[in-house]
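*Asks:* coordinates only, no sequence provided:
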């Protein structure tokens, strides 16, 4: 799933009430616009006039990793990881969306590279992680375990967690499982993986806004199966016919990429033409959604907010986000009023 426009003033952040004594200034981030592949946002001149002078709408300069590698997390799965920015900086882990989208170099640009040690990794089956597009041993709780293994592998005592869209889902699940390892949380484009969110995007809600994008997605499925599109696509994404599998993956992926920006981003939509990207994105995403995120209950992440209520958190939501509708951010805000909430 894909978040939309992000606006945040990171200068107000301190973590767990007490900034790390090893840093003379508060952590700085720059989470502005985004999609499955963060690229550009949209703001009107009027918005610019009203904004705080402290607010930075520009992404940071591109940086290259100073270290990278592969971490074997099970007998089957190996994860790609990288570090960029300041090797002695404040550690932040970036949790990508999808699930299945993988990371991209532009994800590093959210963060001030002089201040942050920026950790990116590709989740199971995504990006450079292997095996590609693999659904076996691939659940939310496997990923939560992987994040901890990566933290330990990199010898990081604790870190800030940054996640958008599906990344916000995973950020909540990880933080609720390991609150003692989290110094602060940034959530953007909130997705709680509840039935009403899945129904909104895959059963006709968002189609009311994007009928032109919806019809190819709908028409690929025979009429007698259109009562449950997630299940119908699951059959085809796991077909023994490679051509059917690839076609289903491209159509599933394109539907999401066409709705990911307020102003459609043609460059981003073209990513759906890649067999490799689409197979991982569509198969893994559908796998998670069919299994309801492997969460014990529909409201699990909301029900467990008390475990992280004390952690300094900022929730950022684009009001017109079609993939991650604002109702989820609003519900999280009501359950967690202590967290800073920005629309």
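*Replies:* That came in fine, so what should we check first? Note that this is a predicted model, so its numbers are computed, not measured.

*Asks:* quick one: average pLDDT of stretch 75-91?
*Replies:* Taken as a whole, stretch 75-91 carries a mean pLDDT of 98.

*Asks:* what pLDDT does the model give the most far-flung residue of the chain relative to its centre?
*Replies:* In the chain, counting by Cα atoms, centre = their mean, residue 224 sits farthest out from the average C-alpha position, at 32.8 Å. At residue 224, the model reports a pLDDT of 96.

*Asks:* quick one: the strands in this protein?
*Replies:* In the chain, strands defined by DSSP state E lie at 67-72, 78-85, 90-95, 116-121, 159-165, 182-190, 313-316, 340-342, listed in chain order.

*Asks:* same for the shortest one, what does it pack against?
*Replies:* Counting contacts by 3 or more Cβ pairs under 8 Å, 6 or more residues apart in numbering; DSSP states H and E, strand 340-342 packs against strand 313-316. In this view, the C-beta of every residue, glycine as well, is placed from N, C-alpha and C.

*Asks:* check which residues of the strand it packs on are buried.
*Replies:* Neighbour counts over strand 313-316 (16 or more other Cβ atoms under 10 Å) mark 313-316 as buried.

*Asks:* how far does that strand sit from its chain's centre?
*Replies:* Centroid separation for strand 313-316 versus its chain: 14 Å, with Cα atoms, centre = their mean, to the nearest Å.

*Asks:* over to stretch 136-144?
*Replies:* Offset of stretch 136-144 from its chain centre (Cα atoms, centre = their mean): 15 Å.

*Asks:* buried residues, that stretch. List them.
*Replies:* Across stretch 136-144, burial judged by 16+ other Cβ under 10 Å covers 138-140, 142-144.

*Asks:* residue contacts, the residue farthest from the centre of the chain?
*Replies:* Residues in contact with residue 224 (Cβ atoms under 8 Å, 6 or more residues apart in numbering): none are found.

*Asks:* and it, how close does it get to residue 232?
*Replies:* 10 Å (Cβ to Cβ, to the nearest Å).

*Asks:* now swap in residue 155 and tell me
*Replies:* Separation of residue 155 from residue 232 (Cβ to Cβ): 46 Å.

*Asks:* would you mark the buried spots in stretch 241-258?
*Replies:* 245-258.

*Asks:* narrow those residues to those in helices?
*Replies:* In helices, judged by DSSP state H, the following of those are found: 245-258.

*Asks:* distance to residue 190 and pLDDT for these - can I get that in TSV?
*Replies:* Listed next are those as TSV, based on distance: Cβ to Cβ, whole Å; pLDDT from 0 to 100:
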residue	distance to residue 190	pLDDT
245	31	96
246	31	96
247	31	97
248	28	97
249	26	97
250	27	96
251	26	97
252	22	97
253	22	96
254	24	95
255	20	96
256	16	94
257	20	93
258	21	93
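
*Asks:* for the residues you listed, which one is nearest residue 216?
*Replies:* residue 251 (6.1 Å; Cβ to Cβ).

*Asks:* which residues sit in contact with that closest one?
*Replies:* Contacts of residue 251 by Cβ under 8 Å, 6+ apart are 216-217, 220.

*Asks:* filter the residues you listed down to the buried ones, PyMOL style.
*Replies:* Remark: buried members of the contacts of residue 251, expressed as a PyMOL selection using 16+ other Cβ under 10 Å:
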select buried, resi 217+220
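
*Asks:* helices - which of the contacts of residue 251 land there?
*Replies:* Here DSSP H is the test, and the contacts of residue 251 give 216-217 as lying in helices.

*Asks:* ok, so of the contacts of residue 251, who is nearest residue 179?
*Replies:* Once Cβ to Cβ is applied, the member of these that ends up nearest residue 179 is residue 217, at 38.6 Å.

*Asks:* returning to that earlier point: okay if I get the buried residues of stretch 136-144 as JSON lines plus pLDDT and distance to residue 169?
*Replies:* Output for those, formatted as JSON lines (pLDDT from 0 to 100; distance: Cβ to Cβ, whole Å):
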{"residue": "138", "pLDDT": "98", "distance to residue 169": "14"}
{"residue": "139", "pLDDT": "98", "distance to residue 169": "12"}
{"residue": "140", "pLDDT": "98", "distance to residue 169": "8"}
{"residue": "142", "pLDDT": "98", "distance to residue 169": "14"}
{"residue": "143", "pLDDT": "98", "distance to residue 169": "10"}
{"residue": "144", "pLDDT": "98", "distance to residue 169": "11"}
